[in-house]
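Novice: just the structure for this:
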Amino acid sequence: MKFRKLFLILASAAVFVFVCGPAMAADTIKIAYIDPLSGGFANVGDAGHKHFQYMADLINAKGGVLGGKKFEIVPFDNKISAKESLIQLKAAIDQGIRFITQGNGSSVAGALIEAVNKHNKRNPDDLVVYFNYAAVTPAFTNEKCSFWHFRFDAHVEMKMAAITDAILGDKSIKKVYLINQDYVFGHSVRDVALRMLKEKRPDIEIVGNTLHPIIKVKDFSPYIAKIQASGADSVITGNWGADMSLLVKAGKDAGLKVQYFTFYGGGLGSPAAIGKAGEGVVKQVTEWHNALSVEEKQPDDEAFYLDYHKKYSNDGAQPYYYGRVRTMMEMLVKAFDKAGKADPTAVAFALEGMEHDTHYGKVVMRAEDHQLIQPLYISTMTKVGTQGVKYDVENTGLGWKTDFRVEADATALPTTCEMKRPKM
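Specialist: Residues are numbered from 1 along each chain as shown. Down below sits the predicted model:
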């Protein structure tokens, strides 16, 4: 009798899980976050994870999407390895996750694009969409474009166009040194910089062009010695993470007197490493920085920044940085609601051509190549309290001041993408 009752109880529980389990799972839309959470770039990956979690919490608190479904950000540690990323992608797919995001490392991004394409070709009833928030090699929205890939960051050519426009207007710049990481992204930065400088400022002398191993250099002083010996007055670098912060720290320690034109001078750890030596000489190209809300009188954006700071960055170690993560998550809300379901194909078609109003103007997910077209800013590290700079970064006493803004349509470079689309 006891065994019969136990059997009935267990059977009832099994039926409950079978019937209710999928329903409960269906209330959550999972996004796999595949980025470094250990190793030398762990601080960068952790910061990105916090950005996505913060946005998911905000969206969920407002009712979520599709009439009440919640976003769940599921972290996967790829150790900045393309091989490990493919393992984590498979793990995410095995868990039933059909939406992924990644940003750090173009070698990783290239591997993920190819893997997602192969998976979708082999599994037409089990599709995956990849949202790229930071990997900026131009090929990903040109010859390697994919219907299943969307990029929310400006790519190398778009950013370098802004940097070289800044250099175009500064006739004091005579000698430029290029130093970049030795992988696909660093190669892109180098190649595009050489081409655009030749076109816009053929009078400039390129006095050095160095590639170094990614995340393996612990002491950049030998590289700084070469820059000093070259007589460079300016440095262009796409370095990020520890490779950015260690580079500028070595330059500071050696007393190097140059302007830095950077992609990621404001990235996590770099401002603290640069310190006071960065005032007036370290520049970055971004879609957002922490002074814009004051400069352009956007109190809602200022409140957003301060709320994130209160929740995640009271020690100043991880300030809000990725303005595009906010844009991406807001656009995903619209895409899911427009699609009317959490279906990868429907969501992808909903994102194509989508226009979205941010605090700093309209952005467009260009349908031809799935490249987000958005305004860009060149800004310089500036002492807090001067020239309208209200907030510092990483307890440096320095914040960012806009030098100039590039309107969205001016960043929209031509694409060679020939998109192959599935049938709806």
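Novice: ramachandran coordinates for residue 328?
Specialist: Dihedral angles of residue 328 (phi, psi; degrees, to the nearest 10) stand at phi -60, psi -50.
Novice: would you map the strands across the stretch 301-424 of the chain?
Specialist: Assigned by DSSP state E, counting those that start in this stretch, the strands in the stretch 301-424 of the chain fall at 355-358, 361-366, 371-373, 376-383, 398-406.
Novice: my guess is residue 280 contacts residue 381, does it?
Specialist: Yes: counting by C-beta atoms under 8 Å, residue 381 is a contact partner of residue 280 at 7.0 Å. Backbone N, C-alpha and C define where each C-beta goes, glycine included.
Novice: the more surrounded of these two?
Specialist: Of the pair residue 280 and residue 381, residue 381 is the one with more neighbours under other C-beta atoms under 10 Å, namely 28 against 13.
Novice: tally of neighbours for the closest residue to that one other than its chain neighbours?
Specialist: Nearest residue to residue 381 in three dimensions, chain neighbours excluded: residue 278, at 4.1 Å (C-beta to C-beta, 6 or more residues apart in numbering). Using other C-beta under 10 Å, residue 278 has 25 neighbouring residues.
Novice: got it, and the one 10 residues further on?
Specialist: A count of nearby residues for residue 288, using other C-beta under 10 Å, gives 27.
Novice: got a pLDDT number for it?
Specialist: At residue 288, the pLDDT value in this model is 96.
Novice: measure it to residue 153 for me?
Specialist: Counting by C-beta to C-beta, to the nearest Å, the gap from residue 288 to residue 153 is 11 Å.
Novice: who touches both of the two?
Specialist: Counting by C-beta atoms under 8 Å, 6 or more residues apart in numbering, the contacts common to residue 288 and residue 153 are residue 324.
Novice: re the thing from before, and the residue nearest to residue 381, what is it in contact with?
Specialist: Counted by C-beta under 8 Å, 6+ apart, residue 278 has contacts 248, 260, 265, 271, 381, 396, 398.
Novice: same check on residue 164?
Specialist: 193, 196, 197, 200, 201.
Novice: how about a cut-off of 10 Å?
Specialist: Residue 164 sits next to 192, 193, 195, 196, 197, 198, 199, 200, 201, 204, 236, 261 when contact means C-beta atoms under 10 Å, 6 or more residues apart in numbering.
Novice: mind checking which of these are buried?
Specialist: 192, 193, 196, 197, 201, 204, 236, 261 (16 or more other C-beta atoms under 10 Å).
Novice: helix or strand with the lowest mean pLDDT in the chain?
Specialist: The weakest-scoring helix or strand in the chain, judged by mean pLDDT, DSSP states H and E, is helix 2-26 (a mean of 45).
Novice: quick check: residue 71 is in a strand.
Specialist: Yes: Residue 71 forms part of a strand when assessed by DSSP: H, G, I helix; E, B strand; the rest coil.
Novice: what bridges to it?
Specialist: For residue 71, the beta-bridge partners are residue 29 (DSSP bridges).
Novice: surely it meets residue 31?
Specialist: Yes: Residue 71 is within contact range of residue 31, at 6.4 Å (criterion: C-beta atoms under 10 Å).
Novice: what is in contact with those two at once?
Specialist: Common neighbours of residue 71 and residue 31 (C-beta under 10 Å, 6+ apart) are 52, 56, 99, 329, 332.
Novice: quick one, what contacts the fourth one?
Specialist: What it means is residue 329. Contacts of residue 329 (C-beta under 10 Å, 6+ apart): 31, 51-52, 54-56, 58-59, 71, 73, 101, 131, 133, 152.
Novice: circling back to that earlier point, need the phi and psi values for the residue nearest to residue 381.
Specialist: Torsion angles, degrees, to the nearest 10, at residue 278: phi -80, psi -10.
Novice: now it: how far from residue 399?
Specialist: For residue 278, the distance to residue 399 - C-beta to C-beta - is 11 Å.
Novice: name the residues contacting each of these two.
Specialist: 266, 271, 380, 381, 382, 393.
Novice: columns pLDDT, distance to residue 218 and secondary structure on top of the buried ones among the contacts of residue 164, output as CSV?
Specialist: Output for these, formatted as CSV (pLDDT from 0 to 100; distance: C-beta to C-beta, whole Å; DSSP: H, G, I helix; E, B strand; the rest coil):
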residue, pLDDT, distance to residue 218, secondary structure
192, 97, 28, helix
193, 98, 26, helix
196, 97, 32, helix
197, 98, 30, helix
201, 97, 34, coil
204, 98, 31, coil
236, 98, 23, strand
261, 97, 24, strand
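Novice: for these, which one is nearest residue 307?
Specialist: residue 261 (31.7 Å; C-beta to C-beta).
Novice: kindly state the beta-bridge partners for the closest one.
Specialist: residue 236, residue 283.
Novice: and it, what does it touch?
Specialist: 160, 162-164, 166-167, 170, 173, 176, 193, 234-238, 282-285, 378.
Novice: cutoff 8 Å now
Specialist: Counted by C-beta under 8 Å, 6+ apart, residue 261 has contacts 163, 166, 167, 234, 235, 236, 237, 283, 285.
Novice: can I get those in JSON lines including distance to residue 85?
Specialist: Shown next, in JSON lines, are the contacts of residue 261 (distance: C-beta to C-beta, whole Å):
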{"residue": "163", "distance to residue 85": "29"}
{"residue": "166", "distance to residue 85": "34"}
{"residue": "167", "distance to residue 85": "35"}
{"residue": "234", "distance to residue 85": "34"}
{"residue": "235", "distance to residue 85": "30"}
{"residue": "236", "distance to residue 85": "28"}
{"residue": "237", "distance to residue 85": "24"}
{"residue": "283", "distance to residue 85": "31"}
{"residue": "285", "distance to residue 85": "26"}
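Novice: and the residues you listed, which are buried?
Specialist: 163, 166, 167, 234, 235, 236, 237, 283, 285.
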